[in-house]
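Novice: 3D, please:
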Amino acid sequence: MNIKKILVSQPKPSSEKSPYYNLEKDYGVTVEFRPFIKVEGLSSKEFRQQKIALSDYTAVIFTARTAIDHYFRLAKELRFEVPETMKYFCISEVVARYLQTYIVYRKRKIFFSENGMANGLIPLIEKHKKESFLYPVADVHDSKLNLEAHGLENTKAVMYRTVSNPFPKDEPFDYDIVALFTPSGVKSLLESFPDFNQEKNGKLLACMGVKTIEEVKNSGLHLDITTSPEHPSMAAAIAHHLEQAKKAEEKEARKAAREAKKASK
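Specialist: Residues are numbered from 1 along each chain as shown. A predicted model of the protein is given here:
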């Protein structure tokens, strides 16, 4: 295969069981990890400009561990002592368990979606709709929870932002596939390489998510690899592409061998 090196624009997995490592084993490619974006917390001064008082809320909604980090960071900077009576509503058990970093984990005040999705969390929020909900989010976010559609009042509080993590100019960009996961990642790629040209440089773009794909197309780029119901993860989508490329290469090799054999007769 012509594909030898893949860049995944995410942090390196902590587990050696990551499916990305299977790509290296199964297809002889090299996979490297490097985030194109990084998270930056708003300062307490910036947060105050939203005129949101943390003390006005009796419940907090978390859809990411990053939101937990910045909620408690800002609470500390603003000298707000989070009361023990605070209730927490989390998108998944993984996110809920992360609260142990900051508080004593008590089930009576921590609720989470059993299926890790919004449709599992909304009924829990509905049961406690008399609470005053704060929803920490990033500056640019694609909300996983459409609370307004269910008549659930909440205040979205921007507590962190995503910014570009520029690629060093003296570092070779010799990847055959570049995997992107967010619109910000697409923008960061083009900021680092304003003259990025897929055809000229032979780069394939692997992307997932409606907004990310839209950003790719709006930027004048084209999509080569994406997820599907049959291949729902980025690793699975890339594996499928590599498998198809491998089969095509083997087919061409067999064809060349037949033609060579015929010519020798």
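
Novice: just give me the residue right at the centre of the chain.
Specialist: With distances taken as CA atoms, centre = their mean, Phe181 lies nearest the centre of the chain, 5.5 Å away.

Novice: check contacts around Ser18.
Specialist: Applying CB atoms under 8 Å, 6 or more residues apart in numbering to Ser18 gives the contacts Ala235. Placement of C-beta: from N, CA and C, glycine included.

Novice: now it. Its backbone dihedrals?
Specialist: Backbone torsions of Ser18, given as degrees, to the nearest 10, read phi -60, psi 140.

Novice: now do it, the pLDDT please.
Specialist: pLDDT recorded at Ser18 is 91.

Novice: could you check how far it is from Ser9?
Specialist: Shown here: Ser18 relative to Ser9, a distance of 15 Å by CB to CB, to the nearest Å.

Novice: now do the SS call for the residue lying closest to Ala138 once chain neighbours are set aside.
Specialist: Spatial nearest neighbour of Ala138, chain neighbours left out: Tyr160 (5.4 Å); criterion: CB to CB, 6 or more residues apart in numbering. Classification of Tyr160 by DSSP: H, G, I helix; E, B strand; the rest coil places it in strand.

Novice: is Tyr160 bridged to anything, and to what?
Specialist: Under DSSP bridges, the beta-bridge partners of Tyr160 are Gly41, Ala138.

Novice: re the thing from before, which residues are in contact with the residue nearest to the centre of the chain?
Specialist: 9-10, 207-209, 212, 234.

Novice: okay, now Val140: neighbour count?
Specialist: The tally of other residues near Val140 (other CB atoms under 10 Å) stands at 12.

Novice: which other helices and strands contact the one helix or strand in the chain whose mean pLDDT sits lowest?
Specialist: Scoring the helices and strands of the chain by mean pLDDT, DSSP states H and E places helix 198-201 at the bottom, with a mean of 80. Where contact means 3 or more CB pairs under 8 Å, 6 or more residues apart in numbering; DSSP states H and E, helix 198-201 is not packed against any helix or strand.

Novice: buried residues, that helix. List them.
Specialist: Of all the residues in helix 198-201, not one is buried under the rule 16 or more other CB atoms under 10 Å.

Novice: tell me the secondary structure for Ala157?
Specialist: Following three-state DSSP, we place Ala157 in the strand state.

Novice: an error on my part: the question was meant for Asp26.
Specialist: On the basis of three-state DSSP, Asp26 is classed as helix.

Novice: right, and it touches His240 too?
Specialist: No - using CB atoms under 8 Å, Asp26 is not in contact with His240; the gap is 11.6 Å.

Novice: so between these two, which is more surrounded?
Specialist: His240 (15 against 12).

Novice: could I get the phi/psi values of Arg108?
Specialist: The phi/psi pair for Arg108 (degrees, to the nearest 10) reads phi -70, psi -20.

Novice: returning to that earlier point: quick one: the least confident helix or strand of the chain to chain centroid distance?
Specialist: Distance of helix 198-201 from the chain centroid (CA atoms, centre = their mean, to the nearest Å) equals 26 Å.

Novice: can I get it in CSV, CA atoms only?
Specialist: Extracted in CSV, the C-alpha atoms of helix 198-201 (Å, rounded to 0.1, in the frame of the first residue of the first chain):
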residue,chain,number,x,y,z
GLN,A,198,-4.6,17.2,-0.9
GLU,A,199,-4.0,16.3,-4.5
LYS,A,200,-0.5,17.8,-4.8
ASN,A,201,0.7,16.3,-1.5
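
Novice: continuing past it, what's the next helix or strand?
Specialist: The helix or strand immediately downstream of helix 198-201 is strand 204-207, counting by DSSP states H and E.

Novice: by contact count, what packs against that following strand?
Specialist: So strand 204-207, by 3+ CB pairs under 8 Å, 6+ apart, packs with strand 177-180, helix 210-218, strand 225-226, helix 234-264.

Novice: give me the helices and strands touching the last one, please.
Specialist: For helix 234-264, the packing partners by 3+ CB pairs under 8 Å, 6+ apart come out as helix 19-27, strand 177-180, strand 204-207, strand 225-226.

Novice: looking at those, which is closest to Phe47?
Specialist: Relative to Phe47, the nearest member of the helices and strands packed on helix 234-264 by CB to CB is strand 177-180, separated by 29.4 Å.

Novice: good, wrapping up.
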